[in-house]
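In: structural data only, the sequence is not supplied:
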């Protein structure tokens, strides 16, 4: 069972707002997950952005939550960057605002967070790392490129069975402005809506 506050956020998701062109892009990931599910194989998704600080974490958390919500089995979601920085605090606060329960496991320049969407499910462990960090899978995974810079800057992702660009506009453009909170929430809701759409299409 997802936390009530997260269910309230999910009620804001409207698949009708996803354009047909965008659904065509998302269909690549639907097909990948469906193929794994049909063959009763683990689904491993590594969501990748340049700094592993904003979009890749939002995508990882919402994808894992969507898998649980739609009861798609054996799904493990990871995230990484072309370089490691830190999970940006506003991204963590945005998830918290949407109902996720976040606990700091360790502090420092690159804090480690426990991000829970349900009292009975294991947390997503959030911290910044490169896509090929030992925390992430070595092989048999799909590389989901969540930003165009990482997509262009990584011509080859070692171990990836499939590479799927599903890019999002960077909420970083709002940093230091009055509408930062609003922009981060807007991007999180877009990512959540699209991840939930993807998993809603999986036939079990």
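Out: Yes, it's here. As the structure is a prediction and not an experimental result, all values here were calculated from the model. Numbering: from 1, shown residues only.

In: from here on, just use CA atoms for contacts and neighbour counts.
Out: Fine.

In: if I look at residue 131, what pLDDT would I see?
Out: At residue 131, the model reports a pLDDT of 96.

In: quick one: what helix or strand has the most centrally placed residue in the chain in it?
Out: Among the residues of the chain, residue 59 comes closest to the average C-alpha position under Cα atoms, centre = their mean, at 1.6 Å. According to DSSP states H and E, residue 59 maps onto helix 55-69.

In: ok, now residue 136?
Out: With DSSP H and E as criterion, residue 136 is part of no helix or strand.

In: again, but for residue 47
Out: According to DSSP H and E, residue 47 maps onto strand 43-49.

In: and for residue 193?
Out: Assigned by DSSP H and E, residue 193 belongs to helix 180-200.

In: shaky segments in the protein?
Out: For the chain, the stretches with pLDDT under 70 are 155.

In: now the helices for it?
Out: Using DSSP state H, the helices found in the chain span residues 4-10, 20-38, 55-69, 89-97, 148-153, 180-200.

In: what packs against the helix holding residue 193?
Out: helix 20-38, helix 55-69, helix 89-97 (3 or more Cα pairs under 8 Å, 6 or more residues apart in numbering; DSSP states H and E).

In: try 7 Å this time
Out: Applying 3 or more Cα pairs under 7 Å, 6 or more residues apart in numbering; DSSP states H and E, we find helix 180-200 packed against helix 55-69, helix 89-97.

In: dump those into JSON lines; add distance to residue 44 as well.
Out: Shown next, in JSON lines, are the helices and strands packed on helix 180-200 (distance: least, Cα to Cα, whole Å):
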{"stretch": "helix 55-69", "distance to residue 44": "10"}
{"stretch": "helix 89-97", "distance to residue 44": "22"}
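
In: tell me the most buried of these?
Out: Mean neighbour count, computed with mean count of other Cα atoms under 10 Å, is highest for helix 55-69 among these, reaching a mean of 25.

In: ok, residues contacting it?
Out: Outside helix 55-69, the residues that touch it by Cα atoms under 7 Å, 6 or more residues apart in numbering are 47-49, 75-80, 117, 124, 146, 170, 188, 191-192, 195-196, 199.

In: could you pick out the buried ones from those?
Out: Buried members of the contacts of helix 55-69, scored by 16 or more other Cα atoms under 10 Å, are 47-49, 75-80, 117, 124, 146, 170, 188, 191-192, 195-196, 199.

In: which ones are touching the closest residue to residue 111 other than its chain neighbours?
Out: Nearest non-adjacent residue to residue 111, counting by Cα to Cα, 6 or more residues apart in numbering: residue 127, 6.2 Å away. For residue 127, the contact set (Cα under 7 Å, 6+ apart) comprises 86, 87, 110, 111, 112, 113.

In: what separates residue 127 from residue 23, distance-wise?
Out: Using Cα to Cα, to the nearest Å, we find residue 127 at a distance of 29 Å from residue 23.

In: re earlier: the contacts of residue 127 into JSON lines, with extra columns for distance to residue 93 and neighbour count?
Out: Shown next, in JSON lines, are the contacts of residue 127 (distance: Cα to Cα, whole Å; neighbours: other Cα atoms under 10 Å):
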{"residue": "86", "distance to residue 93": "14", "neighbour count": "19"}
{"residue": "87", "distance to residue 93": "11", "neighbour count": "25"}
{"residue": "110", "distance to residue 93": "16", "neighbour count": "17"}
{"residue": "111", "distance to residue 93": "14", "neighbour count": "17"}
{"residue": "112", "distance to residue 93": "14", "neighbour count": "18"}
{"residue": "113", "distance to residue 93": "12", "neighbour count": "20"}
